[in-house]
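# Let's see this in three dimensions:
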Amino acid sequence: LAGGVVPLTAAPVAAAPNGAPAGYPMWESGLRTEVARLLRENSADVMDELARRFEAAVIREALDFTRGRKVEAAERLGIGRNTITRKIQELHLEP
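Okay, here's the model as predicted:
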């Protein structure tokens with residue numbers, strides 16, 4: 001694919017750590033591992049923290065893919081241009 005981007009459906013399948021069902025993509029297994037770590041550490045607001053990190057990763061990747069074109073990135077993500085602009089500010093993703 002263009003830009004070396006690999007779709008999530010093509011992600012290699014991990015060996016199901018943490019009791020994850022066989023066939024889980026690696027990123028989902030990694031997410032389960034991170035959730036378990038945060039819970040063990042008694043971290044506060046695990047859901048909010050992971051949601052922020054997820055949004056930041058998705059938006060960063062979309063901006064990289066579109067070479068910084070916010071409107072195109074927003075369209076590809078299925079969100080509005082005002083939403084992506086607000087999220088970029090909230091998540092401190094400005095260069």
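# what number of residues lie near residue 30?
Counted with other C-beta atoms under 10 Å, residues neighbouring residue 30 total 15. C-beta coordinates here come from the backbone N, C-alpha and C atoms, glycine included.
# Number of residues surrounding residue 50?
For residue 50, using other C-beta under 10 Å, the count is 15.
# scratch that, residue 68 is what I was asking about
Residue 68, neighbours per other C-beta under 10 Å, totals 10.
# and if you look at residue 89?
10.
# Please read off the pLDDT at it from the model.
Looking at residue 89, its pLDDT reads 97.
# again with the one 4 residues further on
Per-residue confidence for residue 93 comes out at a pLDDT of 95.
# what's near enough to touch it?
Residues in contact with residue 93 (C-beta atoms under 8 Å, 6 or more residues apart in numbering) are 56, 59, 60, 63, 87.
# among these, which ones are buried?
Among these, the ones that count as buried by 16 or more other C-beta atoms under 10 Å are 56, 59, 63, 87.
# buried residues in the longest helix anywhere in the chain?
Criterion DSSP state H: the longest helix present in the chain is helix 46-65. Across helix 46-65, burial judged by 16+ other C-beta under 10 Å covers 55, 56, 59, 62, 63, 65.
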